[in-house]
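[1] From the sequence below, what's the structure:
(2 chains)
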Amino acid sequence: DQQVKQNSPSLSVQEGRISILNCDYTNSMFDYFLWYKKYPAEGPTFLISISSIKDKNEDGRFTVFLNKSAKHLSLHIVPSQPGDSAVYFCAATTPAASKLTFGTGTRLQVTL
Amino acid sequence: GAGVSQTPSNKVTEKGKYVELRCDPISGHTALYWYRQSLGQGPEFLIYFQGTGAADDSGLPNDRFFAVRPEGSVSTLKIQRTERGDSAVYLCASSPTGSNYGYTFGSGTRLTVV
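    This is a model prediction of the structure:
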């Protein structure tokens, strides 16, 4: 059972435009959400996170939005740059958990 | 070291053989995690160490998998009687405390069982 879902396996966006990556979850106990970025042959690197007590968190070009009632979060990248081309993973955790539950990832390609 | 180091970066083994995968966490990080990423999937939790002890091993798929961290630093993931389905990238991560927030991952070991 996939508790964290990223239904778009891939996304292509033109440089300078907005990239929107989506993530849905089913476990209502999740209270903290993270986005990781992964380049080929490298480990995932932490990008941005959000606690369930907030609905938005912003860090430079990256903003994460959380809609708890819909169990949905999204990552916005504005403006998108070619170096943003990577696989993006959404992850979630609960207060008592010692692990992250990851989605299957979305491959973002930013074209010139 | 500056980051989490995993060796080897690639390992090809025959079905039925034993393999060991090594992880050197960031110095001073007490928490260490192993994840497995199969093709087309996200990382899946295997085991979490706090210091020398395995605080949560609920993700280990079966008793062919075992991990140790005898001195609270380097960890070794051991897989006995490897099967083709064990082929995946094995990722190690560490963090300063037991918090799930802001892990640092290594580059992984790509294991191929032929």
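[2] where does the residue positioned nearest the centre of chain B land on pLDDT?
    Residue closest to the average C-alpha location in chain B (CA atoms, centre = their mean): B:Trp34, at 3.4 Å. Looking at B:Trp34, its pLDDT stands at 98.
[3] Give me the neighbour count for the nearest residue to A:Leu47 once chain neighbours are set aside.
    Leaving aside its chain neighbours, A:Leu47 sits nearest to A:Trp35 (4.5 Å; criterion: CB to CB, 6 or more residues apart in numbering or on different chains). No exception for glycine: its C-beta is placed from N, CA and C like everyone else's. Neighbours of A:Trp35 under the rule other CB atoms under 10 Å in any protein chain shown: 23.
[4] pretty sure A:Trp35 is in a strand, no?
    Yes. Assessed with DSSP: H, G, I helix; E, B strand; the rest coil, A:Trp35 lies in a strand.
[5] quick one, strands of chain B?
    Along chain B, counting by DSSP state E, strands occupy B:5-7, B:10-13, B:19-24, B:31-37, B:44-50, B:53-56, B:65-68, B:75-79, B:88-95, B:104-105, B:109-113.
[6] surely the residue nearest to A:Leu47 meets A:Pro44?
    No. Distance between A:Trp35 and A:Pro44: 9.6 Å, which falls outside the contact criterion (CB atoms under 8 Å).
[7] For the two, list the residues in contact with both.
    By CB atoms under 8 Å, 6 or more residues apart in numbering or on different chains, A:Trp35 and A:Pro44 have these common neighbours: A:Phe89.
[8] So, low pLDDT: which residues of chain A?
    Across chain A, nothing is flagged by pLDDT under 70.
[9] Can you report how many residues lie near B:Thr30?
    Using other CB under 10 Å, B:Thr30 is surrounded by 16 other residues.
[10] quick revisit: who touches the residue nearest to the centre of chain B in this structure?
    B:Cys23, B:Phe45, B:Leu46, B:Ile47, B:Tyr48, B:Ala67, B:Ser75, B:Leu77, B:Tyr90, B:Leu91, B:Cys92.
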